[in-house]
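Asker: Predicted coordinates and the sequence they were generated for:
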Amino acid sequence: MMAAEYFLGLDFSTQKAKAIVLDGDRTRLASCDVSFGEHPSLVQKYPQCSPNGYEEDDASGRVTSPTLMWVEALDILFSRLASMSVDLSKIAAISVSGQQHGSVYWKEGGEHLLQQLDPEKGLLHEQLKDAFAVADSPIWKDTSTGDECKGLEEAVGGPQKLAEVTGSRAYHRFTGNQIAKIARTMPDSYRRCERISLVSSFVCCLLTGGYAPIDYSDGSGMNLLDVHPVKSGDDPSRRTWMKEALDSCGKELAKKLGEPVPSQTVLEKPISPYFKRYGFSAQCRVVAATGDNPSSLAGLYVREGDIGISLGSSDTVFLWLPEAKPGVFGHVFVNPVDTSAFMALLCYSNGDMTRKKVRDNTQELVRLTEEEEARRWAEFTTSLSDQPPGNEGNIGVFFFEEEIVPHAKCVIRVNASGERVESFASPGTEIRALIEGQIMAKRIHAERLGYRCGRGTRVLATGGGSNNPAILQIMANVFNTDVFTFSNSESAAFGAAYRALHAYTCWKNKAPETPYHEVISETAGELTRVASPSSEVAEMYVALMQRYAAIEDQCVS
């Protein structure tokens, strides 16, 4: 690898766009971000999206972001990047991570506008103001598609059938159901739509000045892609759309989506000449984009046997699976760094917000000063640590928000005698019941998807909760294996940069089969072992997990 070659990872998440530049040794050279709901020019134009970067209609459950807001944010981001002490002409390849499930609707003639982008004719949002058939893009928080989910499952033979083929049963936020609602409620806009992009592939459209394909991994979060390889043809890893799902969601949908591609594809078109205004070389390559969850798997160095756990506003579990065993809970995607394998994803809505509610003994979250937040988390950690492992037999299920895995909303507290109680004797017991329950649930659900802890298993922890040593120790004991954390917390953005480096290396060396982990592997200091299990405590949790699973089943029923 030439030392002069740099690699750019972009992450378009729900609330901000981020850029990270790495050199060939994966050293960070520069990074910056733009908050959609806080940047002054974006707030002025899109006040309805302040401070979170999206507009929410509580009555209907519809949640959207203005597509042109994202377009303008890319120029702001690159302007900031160009002002930093990094030579953008040395960037050899770019890839993108995008919030999953969101959709962008290009109007007839949209690709012509992309092809005509000119740095002398204004900024992107000025040149693309007439490029979209739908002005506001539905995003992953949208819950307005209940009828479409029901219709899709009925059309293909039920939720289990849909899950077996596409990796997931129908979910409100999944793109196919968003598309179906646009087709039903905005038929003229759908008819005028020439191409539908995911958020990730939409950014690649801007970068290349033409329509960019959806990759297999992000495409797995649409309820439309058959995640299993096509059994005929020269490419044993090729995937395609599920015809019955397409027919249910919209007319001529296959044409509007285009053919999906492997996630490591170096796109045919290099970067658009428009971006010479920021100093990019005309030879800079663009690698197929993927979703933020698959990109995090790439950024966390997850390998077969590992389990990645992100503890954030919502909690997420990432698994590398050699075979797909989809069911009606959880998600199975095509693996973003090895198309012969799969990744499983478990999402939990009761994450950090629920931990805060238990911490503060309240159902209403209040804004606290930074100092007060730190003090309360310190007290939370002390209370958690003071309670013995196993919590003296007290177990809790705390689904304050409607949970995704499993689909339920309830709170159940059970004492050591197996009796339901309204409250526990102390705040520490409540806190310990919450954290032990959340961690045990993650192992139980992962094993239902085919995951098994074994020799060499690593738990890779990230997110805000991974800064809490007491939580990490519980994690080590529940999974009976070592827990590691990372020197960086921006796994999706780093995953985009790593994928750019890997795909570019394969392309440049004409060696497309080069494994990801031969090019991208953790270096000294990037992973730190932060907790190891106690065999005695780990054995105790085996029995406790059986009790927790039974209580959770009661919550579902």
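Answerer: Looks like it arrived, so ask away. Numbers count the residues shown, from 1 in each chain.
Asker: Every contact and neighbour count from this point should use C-alpha atoms.
Answerer: Noted.
Asker: Tell me which other helices or strands the helix or strand where Val96 lies touches.
Answerer: In this assignment (DSSP states H and E), Val96 forms part of strand 91-98. Counting contacts by 3 or more Cα pairs under 8 Å, 6 or more residues apart in numbering; DSSP states H and E, strand 91-98 packs against strand 6-12, helix 199-208, strand 285-286, strand 290-291, helix 292-299, helix 491-508.
Asker: Return the most buried member of these.
Answerer: Ranked by mean neighbour count, these are led by strand 290-291 with a mean of 34 (mean count of other Cα atoms under 10 Å).
Asker: so how far is that strand from its chain's centroid?
Answerer: 7 Å (Cα atoms, centre = their mean, to the nearest Å).
Asker: and what of stretch 299-309?
Answerer: For stretch 299-309, the distance to the chain centre is 14 Å (Cα atoms, centre = their mean).
Asker: end-to-end on that stretch?
Answerer: 13 Å (Cα to Cα, to the nearest Å).
Asker: What are the buried residues along that stretch?
Answerer: Of all the residues in stretch 299-309, those buried under the rule 16 or more other Cα atoms under 10 Å are Gly299, Leu300, Tyr301, Val302, Arg303, Glu304, Gly305, Asp306, Ile307, Gly308, Ile309.
Asker: Helix or strand: which one has the last one?
Answerer: Going back to what we said before, that points to Ile309. strand 307-311.
Asker: That strand to helix 292-299, inter-axis angle?
Answerer: Between strand 307-311 and helix 292-299, the angle comes out at 120 degrees (axes from the mean of the first three to the mean of the last three Cα atoms, to 10 degrees).
Asker: Can you tell me the strand partners of strand 307-311 and which way each runs?
Answerer: Paired neighbours of strand 307-311 in the sheet (DSSP bridges): strand 315-321 (antiparallel), strand 459-462 (parallel).
Asker: who are the neighbours in contact with the residue of the chain positioned farthest from its centre?
Answerer: Distance from the C-alpha centroid of the chain peaks at Ser417, with 39.8 Å (Cα atoms, centre = their mean). Ser417 sits next to Gly393 when contact means Cα atoms under 8 Å, 6 or more residues apart in numbering.
Asker: Of all pairs in the buried residues of stretch 299-309, which one spans the longest distance?
Answerer: Largest separation among those by Cα to Cα: Gly299 and Gly305, giving 16.1 Å.
Asker: hmm, back to that, what's in contact with the strand holding Ile309?
Answerer: So strand 307-311 is contacted by 297, 300, 302, 315-320, 351-352, 457-466 (Cα under 8 Å, 6+ apart).
Asker: sorry, back to before: tell me the spacing between the residue farthest from the centre of the chain and Asn394.
Answerer: Counting by Cα to Cα, the gap from Ser417 to Asn394 is 9 Å.
Asker: Once you drop chain neighbours, what's closest to Gly454?
Answerer: Using Cα to Cα, 6 or more residues apart in numbering and skipping the chain neighbours, the partner closest in space to Gly454 is Gly305 (7.5 Å).
Asker: correct me, but the one you found touches Phe318?
Answerer: No. The pair Gly305 / Phe318 is not scored as a contact, 10.9 Å apart, by Cα atoms under 8 Å.
Asker: in the sheet, who's paired with the residue lying closest to Val317 once chain neighbours are set aside?
Answerer: Leaving aside its sequence neighbours, Val317 sits nearest to Ile309 (Cα to Cα, 6+ apart; 4.6 Å). Ile309 has these beta-bridge partners by DSSP bridges: Val317, Ala461.
Asker: thought Gln15 was touching Glu38?
Answerer: No. Between Gln15 and Glu38 there is no contact under Cα under 8 Å: 9.2 Å.
Asker: any residues in contact with both of these two?
Answerer: Asn52, Gly53.
Asker: which of the contacts of strand 307-311 are buried?
Answerer: The buried subset of those - by 16+ other Cα under 10 Å - is 297, 300, 302, 315-320, 351-352, 457-463, 465-466.
Asker: For Gln48, which non-adjacent residue is closest in space?
Answerer: For Gln48, the spatially nearest residue (Cα to Cα, 6+ apart) is Glu55, at 5.9 Å.
Asker: And for that neighbour, the neighbour number?
Answerer: 20 (other Cα atoms under 10 Å).
Asker: neighbours around the closest residue in space to Gly465 that isn't next to it in sequence, how many?
Answerer: Nearest non-adjacent residue to Gly465, counting by Cα to Cα, 6+ apart: Leu311, 4.9 Å away. Neighbourhood size, Leu311 [other Cα under 10 Å]: 19.
Asker: With Ala378 instead?
Answerer: Ala378 - counted by other Cα under 10 Å - has 13 other residues nearby.
Asker: and it, that one's in a strand?
Answerer: No. Assignment of Ala378 by DSSP: H, G, I helix; E, B strand; the rest coil gives helix, placing it outside any strand.
Asker: Which pLDDT value goes with it?
Answerer: Looking at Ala378, its pLDDT reads 95.
Asker: for the stretch 401-550 of the chain, what spans make up the strands?
Answerer: 411-414, 459-462, 483-486, 527-531 (DSSP state E, counting those that start in this stretch).
Asker: nope, the stretch 51-200 of the chain is what I meant
Answerer: 55-57, 62-66, 91-98, 103-107, 136-138, 193-198.
Asker: what's the first one packed up against?
Answerer: Secondary structure elements in contact with strand 55-57, counted by 3+ Cα pairs under 8 Å, 6+ apart, are strand 62-66.
Asker: Now do the buried residues in the strand it packs on.
Answerer: Arg62, Val63, Thr64, Ser65, Pro66.
Asker: Can you tell me the closest non-neighbouring residue to the last one?
Answerer: Here the nearest residue to Pro66 in space, its sequence neighbours aside, is Asp136; by Cα to Cα, 6+ apart that works out to 4.3 Å.
Asker: my guess is that neighbour meets Trp70, correct?
Answerer: No. Asp136 is beyond contact range of Trp70, at 10.5 Å (criterion: Cα under 8 Å).
Asker: measure stretch 246-255 end to end?
Answerer: Span of stretch 246-255 from end to end, Cα to Cα: 10 Å.
Asker: Export stretch 455-470 to CSV, keeping only CA atoms.
Answerer: This file holds the C-alpha atoms of stretch 455-470, laid out as CSV (Å, rounded to 0.1, in the frame of the first residue of the first chain):
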residue,chain,number,x,y,z
ARG,A,455,-13.4,-21.2,22.6
GLY,A,456,-12.1,-18.0,21.1
THR,A,457,-15.4,-16.1,21.4
ARG,A,458,-15.0,-12.4,22.0
VAL,A,459,-17.6,-9.9,23.1
LEU,A,460,-16.8,-6.6,21.4
ALA,A,461,-18.5,-3.8,23.2
THR,A,462,-19.1,-0.2,22.0
GLY,A,463,-21.5,2.7,22.6
GLY,A,464,-21.9,4.9,25.6
GLY,A,465,-22.7,2.0,28.0
SER,A,466,-19.4,0.3,27.2
ASN,A,467,-17.7,3.0,29.4
ASN,A,468,-19.3,1.4,32.5
PRO,A,469,-17.0,-1.3,34.0
ALA,A,470,-19.8,-2.8,36.1
